[in-house]
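Peer 1: Build the 3D model from these lines:
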Amino acid sequence: MARADKKIPTPLLRAVKPADAPPADGSVAAPAAPDPAAKTPGPVPQATEEVAPPRRRSFTAAFKLKVLAEADACTEPGEVGALLRRHGLYSSHLTDWRRQRDEGALSGLAPKKRGRKAAAKNPLAEENSKLQRELAKATARAERAEGLVALQKKMAELLGEEIPPEEELLEAKRRGLPIPPWRKRTR
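Peer 2: As a prediction, this is how the structure comes out:
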């Protein structure tokens with residue numbers, strides 16, 4: 001008969017409660033009477049109840065070192081498993097913590113901040129933004145000055161005065177002379 005044709009009977013598994021567990025001495029205990037209160041369902045939770053979201057566990061470096069020391073001290077088979085069950089841990093915790101300990105002592109065991117890492121700041125970005133603000137301020141000041149010059153030209157035109165040409169003003173400034181006064185227009 002081929003191996004695929006054989007059917008292996010699988011035992012039916014059921015949950016064992018501490019009251020249903022067989023005695024440790026190997027004797028057979030009489031089955032306990034079913035508790036009628038245990039079979040009746042309890043009150044159904046209302047939909048309006050708020051349930052707090054599960055919170056991620058975090059462990060301190062001191063706790064990690066303590067558990068690693070206890071795990072390293074275990075010599076008998078099953079002791080590490082009992083240690084993990086006692087603290088509610090997984091074997092992957094020990095693996096990660098040992099790797100972290102070997103890489104960088106306590107600094108590797110400190111809890112790490114979860115989530116996206118902050119982008120590194122560009123050192124020139126702050127200087128760039130400062131220079132842009134200064135440029136905007138200087139541009140606004142220059143526009144105001146140009147507006148005032150345009151207003152002065154209009155006033156001079158209305159009053160019939162002539163504003164000295166720009167070359168004459170620059171020449172006077174270069175030589176350190178006083179700015180030439182406006183002159184009356186001659187028609």
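
Peer 1: What helix or strand is E171 located in?
Peer 2: Counting by DSSP states H and E, the element that carries E171 is helix 166-175.

Peer 1: buried residues in the longest helix seen in the chain?
Peer 2: The residue-count maximum for a helix in the chain (DSSP state H) belongs to helix 123-159. For helix 123-159, the neighbour count (16 or more other CB atoms under 10 Å) marks no residue as buried. Any C-beta I mention is one placed from the backbone N, CA and C, and that applies to glycine too.

Peer 1: next structured bit after that helix?
Peer 2: Following helix 123-159 in sequence order, the next helix or strand is strand 161-162 (DSSP H and E).

Peer 1: ok, that next one: who's next to it in the sheet?
Peer 2: Strand 161-162 has the following strand partners under DSSP bridges: strand 183-184 (antiparallel).

Peer 1: average pLDDT for the partner strand?
Peer 2: In this model, strand 183-184 carries a mean pLDDT of 58.

Peer 1: And stretch 156-166, by the same measure?
Peer 2: Rounded to a whole number, the mean pLDDT of stretch 156-166 is 80.

Peer 1: Would you mind measuring the gap between the ends of that stretch?
Peer 2: Terminal residues of stretch 156-166 are spaced 15 Å apart (CA to CA, to the nearest Å).

Peer 1: Same question for stretch 149-168.
Peer 2: Note: stretch 149-168 ends 16 Å apart using CA to CA.

Peer 1: how about the helices of this protein, start to end?
Peer 2: 36-39, 61-73, 79-87, 91-109, 123-159, 166-175.

Peer 1: Tabulate those (JSON lines), appending distance to A52.
Peer 2: As requested, the helices of the chain are exported to JSON lines (distance: least, CB to CB, whole Å):
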{"stretch": "helix 36-39", "distance to A52": "28"}
{"stretch": "helix 61-73", "distance to A52": "23"}
{"stretch": "helix 79-87", "distance to A52": "23"}
{"stretch": "helix 91-109", "distance to A52": "24"}
{"stretch": "helix 123-159", "distance to A52": "41"}
{"stretch": "helix 166-175", "distance to A52": "76"}
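
Peer 1: which stretch in the ones you listed has the least confidence?
Peer 2: helix 36-39 - the lowest mean pLDDT of the helices of the chain, at a mean of 49.

Peer 1: how does this structure divide into domains?
Peer 2: With domains defined by automatic domain parsing, the chain comprises 61-109, 140-187.

Peer 1: got JSON lines for those domains, with distance to V51 too?
Peer 2: JSON lines is the format used below for the domains of the chain (distance: least, CB to CB, whole Å):
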{"stretch": "domain 61-109", "distance to V51": "21"}
{"stretch": "domain 140-187", "distance to V51": "57"}
